[in-house]
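# Any chance you could fold what I've pasted below:
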Amino acid sequence: MSDTLSRSWRLFRGFLREQSDPDGFYRLLAADSAWQVDQWHRLAGARLLDVGGGPGYFSDAFEGAGATYFALDADAGEMRLHGRQPGPRTVQGSGLGLPFGDATMDIAYSSNVLEHVSQPWQLANEMVRVTRPGGIIFVSYTLWWGPWGGHETSPFHYLGGDRAARRYLRKHGHPPKNHFGQSLFPVTAAAGLNWARGCEGAELVAAFPRYLPSWATPLERVPYLREVLTWNLVLVLRKSDA
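Residues are numbered from 1 along each chain as shown. As a prediction, the model looks like this:
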């Protein structure tokens, strides 16, 4: 696997089949995620915490690569989506106060969770807290101003989150899964980069678009443009020894 246009196209095609073939899509995304994290910290033999682990597809991929996998999710329903059952080291709880000790994990990982919590950088700080010195914090989240920032209400979120939710309700007869202001928040690339650059106890080592080829990485240096074109931002931090 490599950061090429063909990889991006494969992920995009999988995303389009998320509703009709969730197993296929999430297995594809999980395998890609394990490959991506392994570029920054070897998974074999590592203790990894997945904040927002959901129904366990990532467990299969990370454990398959040799990691000891721990997961946390706030929603019991999410952990049992698509008929799956939580793994033996999966707990239900809040990412704003992780029920794990300081410096107990080699890798703290989170995929598409920050946009769903009211205090995203508190969650990110908790990930730093539980990571051992020399370990990595790998955070990936969907940008509000990107084409999928409104999730199922996209692209009408560009007209405002509340307006997009009302339109969805009128069209479908039920509210969207993600309620703007309750379980979906307008998180930006600028806010994430500001947090990472000022993070106490960890150093930002990389910031790049998760699904785009490696040649798109310079987008992160362009204010405003990065908010729209990045789609999903990855922040990789390394825990300091001090």
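
# which residues sit in contact with N178?
Residues in contact with N178 (C-beta atoms under 8 Å, 6 or more residues apart in numbering) are 116, 151-153, 184. Glycine gets a C-beta too; all of them are placed from N, C-alpha and C.

# Nearest to L212 among the residues you listed?
Checking those against L212 by C-beta to C-beta gives H151 as the nearest, at 19.1 Å.

# Double-check the closest one against Y141; I have them as touching.
No - H151 is beyond contact range of Y141, at 11.9 Å (criterion: C-beta atoms under 8 Å).

# Sticking with R166, tell me its helix or strand.
Assigned by DSSP states H and E, R166 falls within helix 161-172.

# Would you mark the buried spots in the strand or helix carrying A124?
Assigned by DSSP H and E, A124 falls within helix 120-130. Neighbour-count burial for helix 120-130, counted by 16 or more other C-beta atoms under 10 Å, picks out 120-121, 123-130.

# before we move on, what about stretch 7-24?
7-8, 11, 14.

# Between H151 and Y141, which is the more surrounded one?
More crowded of H151 and Y141, by other C-beta atoms under 10 Å: Y141, with 24 against 19.

# Could you find the closest non-adjacent residue to the more buried one?
L114 (3.9 Å; C-beta to C-beta, 6 or more residues apart in numbering).

# Just give me the neighbour total for that neighbour.
Neighbours of L114 using other C-beta under 10 Å come to 26.

# For it, list the residues it contacts.
Taking C-beta under 8 Å, 6+ apart, one finds 120, 123-124, 139, 141, 187, 192 in contact with L114.

# Go through these and name the one nearest Y211.
Y141 (12.3 Å).

# Please list all residues in contact with the residue nearest to W231 when sequence neighbours are not counted.
The shortest distance from W231 to any non-neighbouring residue, by C-beta to C-beta, 6+ apart, is to G146 (4.4 Å). Contact analysis of G146 by C-beta under 8 Å, 6+ apart lists 227-232.

# Likewise for A30?
57-58, 60-62.
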